[in-house]
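[1] Below are the sequence and a predicted model for it; my questions follow.
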Amino acid sequence: MRFRTRLVLTYSVFTIVIIVCMSIIFEIYNLRYLEKTSYQHIDSLSRNMAHQLDEIVRPMIFITEFLLSDSKTLFSISTLARIERTEQNTEAFVQEKLNLSISLSTYCNNVNFHRVLFFSEAGDILSSNYRVYTIPDGSADIWQYPNISLINAALGKPVLLPPFSDPWNPRRPQRVFSIIRLVMGNNINSYIEVQKPYTVLENIYQLHDDALRVAVINNRGEIFYSQLEDDENTALTKLLAEGKEKPDLGRIGGTISASSYSVYTNTWTIVMLGNEGIKRAIRDITLLTTVMALLMGIASLVSIWALSNRVTAPIRQFIANMEHTTLDNIAEFTPVNNPPDEFTKLYQSYNQFLKRLNLAIQQEKQMNLLHLQTQFDALQAQVNPHFLYNVLNVVSHRGVISGDETICEICEKLAGMLRYAAGTSRRLVTIREEIEYLKDYLYLLKTRYRAKFEYTIDIADEVMEQMIPKIVVQQLVENSINHGYPDAPAVMRISVLGWIDGGRWYIEVKDNGRGFTNEKKERIEREIRETRECIDGGNVRLDIGGMGLVNIYTRFLISFGESAILIPGNYAAGKAAGATVTIGAPLSPVTRLRETEPKMGGGGGVFTG
């Protein structure tokens, strides 16, 4: 691809990205502005509707307060509560009902309300509006009335009931909403109710914009009025039930919502802007943004094309001169005017940089290799003296008690181990030599623990001549003894197995201790993975003097590369349980890998103690 083409494409892509980003920012800004203005509009509507509901409910509450503050009305209610129903045809009973009916049937009540009622637990019912059918007096059943228990619990405070079908007019049921309150101080429950028709609410909440919808919910979670779907009503009820002073309605069902709470009526008025109204505004904003982006893009591409032609003109002239240069006319080569020397200098500097970089990489690899080799040699030269202290204690103890040939045997084994561990001329030894070293170590353990320690060594003959880093198997056994028996079982059993499978040799160390916990096993596996990644990156550090599983795996990885394995695990046999650690590497020709040094003898087969 020509340089000019790459230049045009690069700047075109960059410009398009900038235009797209600016368009997105512009659209986001406009959408947020739209959302803000829409929210302000519906918030104003919700406050206005809440205020209108307050103004409707306020006279209803006032009428109940007026009636209960009138001494004649209260006297009539108290008298009716005291008179036995068997005396309901007496002059006093009839007179008090007449007086109460006169108090209810005022011009104000008939003009401003659907009707004003008095009813009681004794079945009394009186209405202000005789044009609307009311069940016969004496047949009122208050328990069929909605929320009667809630009204009783209010203890005389006015209760605003959401719209319901009027139970006092079964002939032509009409949806009404009402203010009702309990008349306190009587031996039977009596109530004053002020009703208004449901059409009053429809007039308040009727909107001329089809995209707007209204819902009114009281603080008890009851739907007072709603133009929403059932699932939206449920979502709003749950949100308001959280009891927040100002709930964050956010976006419910893809809409913009605003709410206003009335302390007077204890209701939330929620106004929602529907999806269709939002989509129309979004389409207009998106169209405007797209047109602006296209115009800016076309203008930018034309400018980039003209600018690239001007910038690359010297380069194209220089290339044309180079293409026509031969051995015959090299002396006649004429450089371009104002040649771009920066390109030539950049090419030369880059080649010199590659040479220096390659030299530095080779030196760094050599330094890392030497550093790892030094750490490896230093690690092999270390001897963990922990078990030696225990053995010396045994030797001292037996020497004090009696002259026993075991002392000589112990000293001989200990001397052989010291010679093997202290030798640094070789980093790899045969497994046969490693097993002989292990046998000396196990003999010392057997001398210390006697009947409390048992072991088995079963190594195939083919495995014996394979190579392994020094002091690996013994360290696996020592880790089992040190970490696998915190509770000191009756008998500690160690098994060392060796076999060949699929072109690889394997050695497994198994104990009957507590085994690996899940956390311990996961930590070891994670550290093994991290060690492999560090070595692949040429950055690894061995803990000098450390002989844990991760350090053993590091030595294996350095010696055998990616094919080395170390697998920790658990096994279960009957009621016994313990840990297993398996190490392995590919088979290799013995004649090529073995180094010349006197061998320690021994052979394969099964060895127990």
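    Arrived safely, thanks for sending. Residues are numbered from 1 along each chain as shown.
[2] Would you mind splitting the chain into its domains for me?
    70-198, 381-604 (automatic domain parsing).
[3] Using TSV, please lay out the ones you listed together with distance to G297.
    Backbone N, C-alpha and C define where each C-beta goes, glycine included. Formatted as TSV, the domains of the chain follow (distance: least, Cβ to Cβ, whole Å):
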stretch	distance to G297
domain 70-198	57
domain 381-604	45
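[4] Where among these is average confidence lowest?
    Here these differ in mean pLDDT, and the lowest is domain 381-604 at a mean of 77.
[5] Tell me the gap between it and the middle of its chain.
    Centroid separation between domain 381-604 and its chain, computed with Cα atoms, centre = their mean, to the nearest Å, is 44 Å.
[6] do the same with stretch 259-276
    Centroid displacement of stretch 259-276 relative to its chain, using Cα atoms, centre = their mean, is 34 Å.
[7] Repeat that for stretch 116-126.
    60 Å.
[8] What's the end-to-end length of that stretch?
    This stretch, stretch 116-126, spans 8 Å end to end (Cα to Cα, to the nearest Å).
[9] Same check on stretch 135-153?
    26 Å.
[10] Please name the nearest non-neighbouring residue to L7.
    S308 (4.7 Å; Cβ to Cβ, 6 or more residues apart in numbering).
[11] again with K452
    Excluding the flanking residues, the one nearest K452 by Cβ to Cβ, 6+ apart is V491, at 5.8 Å.
[12] so how far is R514 from that neighbour?
    15 Å (Cβ to Cβ, to the nearest Å).
[13] higher neighbour count, those two?
    R514 (16 against 10; other Cβ atoms under 10 Å).
[14] so that one touches Y485, yeah?
    Yes: under the criterion of Cβ atoms under 8 Å, R514 makes contact with Y485 at 7.3 Å.
[15] Surely W505 forms part of a strand?
    Yes: when DSSP: H, G, I helix; E, B strand; the rest coil is applied, W505 is found to be in a strand.
[16] tally of neighbours for it?
    24.
[17] which ones are touching it?
    I431, E462, V463, Q466, G498, W499, G584, A585, P586, L587 (Cβ atoms under 8 Å, 6 or more residues apart in numbering).
[18] Need the buried ones from these selected in ChimeraX.
    Per 16 or more other Cβ atoms under 10 Å, the buried members of the contacts of W505 correspond to this ChimeraX selection:
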select :431,463,466,498,584,585
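[19] quick one, helices of the stretch 1-150 of the chain?
    Along the stretch 1-150 of the chain, counting by DSSP state H, counting those that start in this stretch, helices occupy 3-69, 71-82, 91-104, 107-112, 148-153.
[20] For I223, find the nearest of those.
    helix 3-69 (14.0 Å; Cβ to Cβ).
[21] Run through the neighbouring helices and strands of that closest one.
    helix 107-112, strand 175-183, strand 190-197, helix 199-205, strand 212-218, strand 256-262, strand 267-273, helix 275-323 (3 or more Cβ pairs under 8 Å, 6 or more residues apart in numbering; DSSP states H and E).
[22] tell me the mean pLDDT over the fourth one?
    Spelled out, that is helix 199-205. Here helix 199-205 scores 91 as its mean pLDDT.
[23] What residues of that helix count as buried?
    Counting neighbours by 16+ other Cβ under 10 Å, helix 199-205 gives V200, L201, I204, Y205 as buried.
[24] possible to save the helices of the stretch 1-150 of the chain as CSV with mean neighbour count and distance to A281?
    Converted to CSV, the helices of the stretch 1-150 of the chain look like this (neighbours: other Cβ atoms under 10 Å; distance: least, Cβ to Cβ, whole Å):
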stretch, mean neighbour count, distance to A281
helix 3-69, 15, 5
helix 71-82, 17, 56
helix 91-104, 16, 52
helix 107-112, 13, 42
helix 148-153, 14, 43
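[25] From K97, how far out is the residue in the chain sticking out farthest from the centre?
    Here the centre of the chain is the reference, and by Cα atoms, centre = their mean the most remote residue is E91, at 78.4 Å. Separation of E91 from K97 (Cβ to Cβ): 11 Å.
[26] for L239, same thing?
    In terms of Cβ to Cβ, L239 sits 48 Å off from K97.
[27] Low-confidence stretches in the stretch 251-400 of the chain?
    In the predicted model of the stretch 251-400 of the chain, residues 251-254, 275-278, 311-355, 358-360, 362-363, 365-400 satisfy pLDDT under 70.
[28] One more pass at 50, please.
    327, 329-336, 339, 346, 381-386, 389 (pLDDT under 50).
[29] Find the residue closest to V183 in space, skipping its chain neighbours.
    S190 (4.2 Å).
[30] what number of residues lie near the one you found?
    21.
[31] now it: how far from V176?
    In terms of Cβ to Cβ, S190 sits 20 Å off from V176.
[32] My guess is K72 contacts Q95. True?
    No: assessed by Cβ under 8 Å, K72 is found out of contact with Q95, at 11.4 Å.
[33] any idea how far the residue farthest from the centre of the chain is from I471?
    121 Å.
[34] what sits up against stretch 71-82?
    By Cβ under 8 Å, 6+ apart, stretch 71-82 touches 67-68, 92-93, 96-97, 99-100, 103, 118, 120, 122, 124, 183, 185-188, 190.
[35] rerun at 6 Å
    Applying Cβ atoms under 6 Å, 6 or more residues apart in numbering, the external contacts of stretch 71-82 come out as L67, E96, N99, L100, S103, V183, N186, N187, I188, S190.
[36] one step back: as JSON lines, the helices and strands packed on helix 3-69 with distance to E508 would be great.
    Below are those laid out as JSON lines (distance: least, Cβ to Cβ, whole Å):
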{"stretch": "helix 107-112", "distance to E508": "97"}
{"stretch": "strand 175-183", "distance to E508": "84"}
{"stretch": "strand 190-197", "distance to E508": "89"}
{"stretch": "helix 199-205", "distance to E508": "81"}
{"stretch": "strand 212-218", "distance to E508": "71"}
{"stretch": "strand 256-262", "distance to E508": "68"}
{"stretch": "strand 267-273", "distance to E508": "70"}
{"stretch": "helix 275-323", "distance to E508": "67"}
